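Engineer: Here's my sequence, what's the structure:
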Amino acid sequence: MSSSFASTRFSFLDRSRTREGHDGPQALRDTVALAGTAEALGFHRFWVSEHHSVPGVAGSAPTVLAAAVAAATSTIRVGTGGVMLPNHQPFVVAEQFGVLASLFPGRIDMGLGRSVGFTDGIRRALGRDKEDADGFAGQLTELLGWMDGTQHAHPQVHARPAEGLRVPPYVLATGEGAAIAAAAGLPLVVGDLRGREKLIRAVEEYRAGFRPSTWAQEPYVIVAGTVAAAGTEEEARRLLVPEAWSMAYARTRGSFPPLAPAGRIDALTMTGKERVLFESGLRGHLAGTEEVVAAGLERAVEKTGADEVLVTTSTYDREALVDSLGRLARIAGLGQASAVAGVAEEQVVPRR
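Structural biologist: Next comes the predicted model:
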């Protein structure tokens, strides 16, 4: 099964989702513990995300969380998926990654996104506005200049200890963002494992327009998406249920709730609109038995020519999540899959 992915790296992105009965601090501790599991299974990277003022997500400071993850692991690469550059001053971002790379040399990735806070209130709190996303290309150039010492706008200012450190940058984007990554000569992360035509065109245009840089000599594509592997199709579906309901709830009530147990959600009496949104949230992901997931991953890699797959899975049941990771490691042929697959939740998730 693993021979199909001999040249493909597999990594994991965790969004630090909160769960009913577990607060935000526990969600962050869960993320750190999950990184240890991913490392033991042989995953290449473990990335964390940035969300602001979202009730169901605890990960608001990705560089801080990345430091905790890196301190709790020893070999897996650690990074951000990503720092939303329009929310921050590039100089400060360079400093933060300089500290990370100094403390954990050779293990830090700088994943960068172009989204800005998604409500007016959040943007005001961040000191930003919606138009700041339009300046991403310039912000990216400035950030890289602080990192490699080539920025000239402030000749007496240096981003220490970042200047001169080689922290690999990655651009999280589709469409115009892919073109920015190509022009800057940076690796690209795109979020779609279904191989839709729009994604394939973006990847093709990225490769065609790629300009070698001091950061990367060749195009590099990471395809990201939700993956859930289990012993049966129904068990895999239940892994997706908590996130699907959370999204449906948010779109009908305007509040993004913590993840609830799948059994309680299945027992709910939903309105017609809720049901439509919930069922829609279950589609478009890669979920099923190991054979089904392997076939889906093979199609995605074949369609996109991806160099790497970045998996994310948000669910209530932590033991089932660890089991899914173990199955994915077996599918990918990762080195230590058999040693950790099937480990009980209490062995990998610290309790309060």
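Engineer: give me every residue that touches the residue nearest to residue 268 when sequence neighbours are not counted.
Structural biologist: In space, and not counting its chain neighbours, residue 268 is closest to residue 245: 7.6 Å by Cβ to Cβ, 6 or more residues apart in numbering. Quick note: C-beta positions are derived from backbone N, CA and C, even for glycine. By Cβ atoms under 8 Å, 6 or more residues apart in numbering, residue 245 lies in contact with 260, 265, 268, 278, 281.
Engineer: OK, contacts around the last one?
Structural biologist: When you say that, I think you mean residue 281. 240, 243-245, 247-248.
Engineer: let's see it at 7 Å
Structural biologist: Residue 281 makes contacts with 243-244, 247-248, as judged by Cβ atoms under 7 Å, 6 or more residues apart in numbering.
Engineer: Highest neighbour count among the contacts of residue 245?
Structural biologist: Among those, residue 278 has the most neighbours (other Cβ atoms under 10 Å), with 22 neighbours.
Engineer: My guess is that one contacts residue 249. True?
Structural biologist: No. Applying Cβ atoms under 7 Å as the test, residue 278 and residue 249 come out as separate, 8.7 Å apart.
Engineer: In the stretch 51-200 of the chain, where is pLDDT below threshold?
Structural biologist: Applying pLDDT under 70 to the stretch 51-200 of the chain flags residues 53, 117-118, 120, 132-133, 174-175.
Engineer: Tell me where it has helices.
Structural biologist: Remark: helices assigned in the stretch 51-200 of the chain by DSSP state H, counting those that start in this stretch are 62-72, 90-103, 120-126, 136-148, 176-184, 197-209.
Engineer: what does the stretch 201-350 of the chain give?
Structural biologist: Using DSSP H, counting those that start in this stretch, helices in the stretch 201-350 of the chain cover 233-253, 262-266, 272-282, 290-304, 318-332, 337-340, 345-348.
Engineer: in the first one, what's buried?
Structural biologist: Looking back up the chat, that one is helix 233-253. Residues of helix 233-253 classed as buried by neighbour count (16 or more other Cβ atoms under 10 Å): 235-250.
Engineer: what angle separates it from helix 318-332?
Structural biologist: For helix 233-253 against helix 318-332, the angle by axes from the mean of the first three to the mean of the last three Cα atoms, to 10 degrees is 120 degrees.
Engineer: how far does helix 233-253 sit from the chain's center?
Structural biologist: Distance, stretch centre to chain centre, for helix 233-253: 19 Å (Cα atoms, centre = their mean, to the nearest Å).
Engineer: go on, the fourth one?
Structural biologist: Taking Cα atoms, centre = their mean, one finds the center of helix 290-304 at 19 Å from the center of the full chain.
Engineer: List the buried residues in it.
Structural biologist: Here helix 290-304 shows 290, 293-297, 300-301, 303-304 as buried, counting by 16+ other Cβ under 10 Å.
Engineer: From residue 136, how far out is residue 179?
Structural biologist: Distance from residue 179 to residue 136, counting by Cβ to Cβ, to the nearest Å: 11 Å.
Engineer: higher neighbour count, those two?
Structural biologist: Between residue 179 and residue 136, counted using other Cβ under 10 Å, the more crowded position is residue 136 (22 against 17).
Engineer: what sits against the more buried one?
Structural biologist: Neighbour list for residue 136: 85-86, 114, 180 [criterion: Cβ under 7 Å, 6+ apart].
Engineer: What is the nearest of these to residue 218?
Structural biologist: Closest approach between the contacts of residue 136 and residue 218, by Cβ to Cβ: residue 180, at 17.4 Å.
Engineer: burial of the residue nearest to that closest one when sequence neighbours are not counted, as a residue count?
Structural biologist: Nearest non-adjacent residue to residue 180, counting by Cβ to Cβ, 6+ apart: residue 137, 4.9 Å away. Residues lying near residue 137 (other Cβ under 10 Å) number 17.
Engineer: Relative to residue 211, how far out is the closest residue to residue 168 other than its chain neighbours?
Structural biologist: Excluding the flanking residues, the one nearest residue 168 by Cβ to Cβ, 6+ apart is residue 109, at 5.5 Å. Plainly put, residue 109 is 21 Å away from residue 211 if you go by Cβ to Cβ.
Engineer: Of those two, give the one with the bigger neighbour count.
Structural biologist: residue 109 (25 against 11).
Engineer: I figured that one hits residue 170, correct?
Structural biologist: Yes. Between residue 109 and residue 170 there is a contact under Cβ under 7 Å: 6.3 Å.
Engineer: returning to what we had before: of the contacts of residue 136, select the buried ones using a ChimeraX command.
Structural biologist: Per 16+ other Cβ under 10 Å, the buried members of these correspond to this ChimeraX selection:
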select :85,86,114,180
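Engineer: Of the contacts of residue 136, which belong to strands?
Structural biologist: Within the contacts of residue 136, no residue falls in strands by DSSP state E.
Engineer: Please convert the contacts of residue 136 to JSON lines, extending it with distance to residue 73.
Structural biologist: Shown next, in JSON lines, are those (distance: Cβ to Cβ, whole Å):
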{"residue": "85", "distance to residue 73": "25"}
{"residue": "86", "distance to residue 73": "29"}
{"residue": "114", "distance to residue 73": "28"}
{"residue": "180", "distance to residue 73": "31"}
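Engineer: Now for the contacts of residue 136: which two are most distant?
Structural biologist: Greatest spacing in those, by Cβ to Cβ: 86 and 180 (12.5 Å).
Engineer: Show residues contacting stretch 103-118.
Structural biologist: With Cβ under 7 Å, 6+ apart as the contact definition, stretch 103-118 has outside contacts at 45, 47, 52, 70, 77-87, 97, 100-101, 123, 126, 128, 130, 132-133, 136, 140, 167-173, 177, 189.
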